[in-house]
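Colleague: 3D model of this:
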Amino acid sequence: MTDKITQETVEKVANLAKVRVSDDEKDMLITKMNEILNWVGMLDEVNTDDVEPMTSVTDAAAMLRKDEITDGNQVDAVLENAPDKDHGFFLVPKVVE
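Modeller: Residues are numbered from 1 along each chain as shown. Next up, the predicted model:
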């Protein structure tokens, strides 16, 4: 594999991430990032022709609950710890004049 990360790439990524990187760090990052890309590039060598696409590594199905209304209409319980309330509503300080 060839090195794909250059000093310009590192500078651009650092700029986008709003991270200050010294010249010594740039050299180290070029090396490390190229190593990562080369390692990931090895996945191209894996034959996946007969592999079915999957959404999970397990066969477990998600447990779904019934879509039904429960424990609703508890205005007093919900407002019990509110610092300020009025007629079943939370009162909040005015923030816009």
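
Colleague: can you tell me the centre-most residue of the chain?
Modeller: Nearest to the mean C-alpha position of the chain, counting by Cα atoms, centre = their mean, stands residue 17 at 15.4 Å.

Colleague: looks to me like residue 29 is in a helix.
Modeller: Yes: checked against DSSP: H, G, I helix; E, B strand; the rest coil, residue 29 lies within a helix.

Colleague: which parts of the protein are strands?
Modeller: In order along the chain, the chain carries the following strands (DSSP state E): 85-86, 89-90.

Colleague: which residues sit against the lowest-mean-pLDDT helix or strand in the chain?
Modeller: Every helix and strand of the chain was ranked by mean pLDDT, DSSP states H and E. The lowest is helix 75-79, at a mean of 87. Contact partners of helix 75-79, identified using Cβ atoms under 8 Å, 6 or more residues apart in numbering, comprise 85, 88, 90. In this view, the C-beta of every residue, glycine as well, is placed from N, C-alpha and C.

Colleague: of those residues, which is the nearest to residue 37?
Modeller: The nearest member of these to residue 37, counting by Cβ to Cβ, is residue 90 at 51.8 Å.

Colleague: just give the nearest non-adjacent residue to the closest one, would you?
Modeller: residue 82 (5.4 Å; Cβ to Cβ, 6 or more residues apart in numbering).

Colleague: what's the distance between residue 52 and residue 11?
Modeller: Going from residue 52 to residue 11 by Cβ to Cβ, to the nearest Å gives 42 Å.

Colleague: more neighbours: these two, which one.
Modeller: The neighbour comparison of residue 52 against residue 11 (other Cβ atoms under 10 Å) goes to residue 11, with 13 against 5.

Colleague: so that one touches residue 26, yeah?
Modeller: Yes: the pair residue 11 / residue 26 is scored as a contact, 7.1 Å apart, by Cβ atoms under 8 Å.

Colleague: mean confidence for stretch 14-32?
Modeller: The pLDDT scores in stretch 14-32 average 94.

Colleague: stretch 52-67 now?
Modeller: On average, stretch 52-67 scores 83.

Colleague: residue numbering should commence at 23 henceforth.
Modeller: Yep, numbering from 23; the last one is stretch 74-89 now.

Colleague: quick one: end-to-end length of it, please.
Modeller: 32 Å (Cα to Cα, to the nearest Å).
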